[in-house]
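> starting from these lines, generate the structure:
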Amino acid sequence: MNRLKHVRDQLRRGAVALALATTLPLPLAGAALAAPHADRAAPAAAPAPAAAATLHLPRPTGPYAVGRDTLHLTDKQRRDPWVPSAGARELMSSVYYPARPGTGHHRAAYLSTKEAQLLLQGIRRADVLPAEALAATRTHARTDARPAPGTHPLVVLSPGFSLNRATLSLLSEELASHGYVVALLDHAYESFGTAFPGGRTLTCVACDTVGKAPEDAQKRLMAKVATGRAADIRFVLDALTRPGGHGKRTAWRYSAVIDTRRIGVAGHSIGGNGAAAAMAADPRIRAGINMDGTFFAPVPRAGLGGRPFLMLGALNGHAPQDQDTTWLRDWRRLDGWKRWLTVRDAGHFTFIDLPVLGGQLGVSDPTAPLPGKRSGEITRDYVTAFFDQHLRGLPRPLLNGPSAANPEVLFQNP
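Prediction:
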């Protein structure tokens with residue numbers, strides 16, 4: 001079965017796990033492509049009335065309070081790959097960081113109402129949940145909080161194709177609460193809608209470009225997305241850790257708290273492929289994670305220089321004998337510490353916020369019945385354990401083999 005059909009199957013299994021509707025058409029979301037008006041997902045249990053729903057992110061489990069800044073970054077050395085007439089490549093980044101308790105002003109916003117509206121329209125269920133309700137999801141990060149003392153590892157996160165960076169907020173807050181600085185990215189013209197300065201909201205031109213292309217060209221374009229994400233990640237590392245010329249400061253006011261010797265990268269879907277591509281291109285990155293993403297841009301045959309890499313995916317779709325053959329191919333190329341973990345009853349969107357929020361609405365997905373609460377717990381626990389072990393030097397037995405506390409997680413070793 002070809003990779004693009006596999007991606008569509010991923011989306012079919014994961015559509016209800018978006019958790020915002022009783023039935024969802026396949027969106028052009030996550031890993032890649034779905035044709036307009038494609039098959040609809042299986043019916044889910046009826047959600048609680050949207051008007052009564054108060055959505056919230058789970059409380060982070062680490063010892064630190066969490067701060068958040070928002071950055072607009074412009075790479076003047078590159079033109080935007082999807083809209084060259086727009087000029088230089090632009091990114092938005094939510095920077096989460098361990099904060100001093102009791103500092104900071106307001107709770108950070110989850111999404112703007114416009115971004116929430118575009119996300120709901122993108123999955124064709126704007127009539128199910130008011131955009132205001134999704135935008136008002138309660139977070140734990142505080143704006144203008146003072147950073148905790150000391151220096152901290154940096155983790156860069158990249159979301160799935162078409163998805164706003166907010167869909168990785170749970171994981172970002174969790175990592176920051178355990179002492180990480182997290183740069184969570186939005187890549188211009190690659191989401192249903194992302195707010196940029198000047199009152200602009202950029203939509204998914206890349207989705208249209210990929211969706212209209214012939215199948216062979218679609219594969220090449222998705223590889224272009226992944227390598228473009230890698231270039232974005234490398235630029236962000238420069239912006240956060242290297243002062244500009246003529247005495248200019250770094251892009252973030254608290255950049256001095258970043259330990260530049262301890263940098264990791266992770267992503268969901270095409271963002272996970274981008275994480276691997278960034279590692280291949282940049283020796284500053286010490287460890288990486290791909291969460292359920294097809295490797296459209298392959299891991300080099302020579303590997304990743306012996307650096308650790310985690311592949312975390314749904315059992316239905318990313319087992320060694322399954323449809324996405326890129327995982328087995330690139331598993332064999334990984335030349336350092338590595339783990340291939342699959343999650344039973346999971347779907348493509350298990351590793352982001354949406355199933356967690358869907359669980360709060362009372363939505364279940366018969367094709368991916370892992371409860372939303374468990375989705376969030378598994379993702380946060382294994383991702384944090386991985387970075388603890390490989391960026392902080394803290395042994396984490398959770399990564400050694402199957403755990404009675406996590407019977408859904410299977411260790412693959414083909």
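
> which residue is nearest the centroid of this protein?
When the chain is reduced to its mean C-alpha position, the nearest residue by Cα atoms, centre = their mean turns out to be residue 159, at 3.1 Å.

> residues touching that one, list them.
For residue 159, the contacting residues are 165, 167-168, 184-186, 191, 267-269, 271, 352, by Cβ atoms under 8 Å, 6 or more residues apart in numbering. C-beta here means a position set from N, CA and C on the backbone, and glycine is covered the same way.

> for this structure, longest strand please?
Taking residue count as the measure and DSSP state E as the definition, the longest strand of the chain comes out as strand 65-79.

> is it true that residue 94 touches residue 72?
No: in this structure, residue 94 sits apart from residue 72 without contact. The criterion is Cβ atoms under 8 Å, and the distance is 11.2 Å.

> where exactly do the helices run in the stretch 151-300 of the chain?
Counting by DSSP state H, counting those that start in this stretch, the stretch 151-300 of the chain has these helices, from start to end: 169-177, 205-212, 215-241, 270-281.

> for residue 259, which of the ones you listed is the nearest?
With distances scored as Cβ to Cβ, the stretch of the helices of the stretch 151-300 of the chain nearest to residue 259 is helix 215-241 (9.6 Å).

> for the next helix or strand after the longest strand of the chain, give the mean pLDDT please.
The element immediately downstream of strand 65-79 (helix or strand, assigned by DSSP states H and E) is strand 88-99. In this model, strand 88-99 has a mean pLDDT of 98.

> and if you look at stretch 378-396?
Per-residue scores along stretch 378-396 average to 98.

> and the strands in the stretch 301-414 of the chain?
Using DSSP state E, counting those that start in this stretch, the strands of the stretch 301-414 of the chain run over residues 309-314, 338-343, 409-412.

> out of those, deepest packed?
Of all the strands of the stretch 301-414 of the chain, strand 309-314 carries the top mean neighbour count, a mean of 26, counting by mean count of other Cβ atoms under 10 Å.

> identify the bridge partners of the residue nearest to residue 334 when sequence neighbours are not counted.
On the basis of Cβ to Cβ, 6 or more residues apart in numbering, the spatially nearest residue to residue 334 that is not a chain neighbour turns out to be residue 309, at 5.2 Å. With DSSP bridges applied, residue 309 shows beta-bridge pairing to residue 288, residue 338.

> shaky segments in this protein?
For the chain, the stretches flagged by pLDDT under 70 are 1-53, 125, 244-248, 364.

> apply 80 and report the result again.
Scanning the chain for pLDDT under 80 picks out 1-53, 123-125, 127-128, 243-249, 363-365.

> hmm, back to that, the residue nearest to residue 334 against residue 280, yeah?
No: Residue 309 is not in contact with residue 280 according to Cβ under 8 Å; the separation is 10.4 Å.
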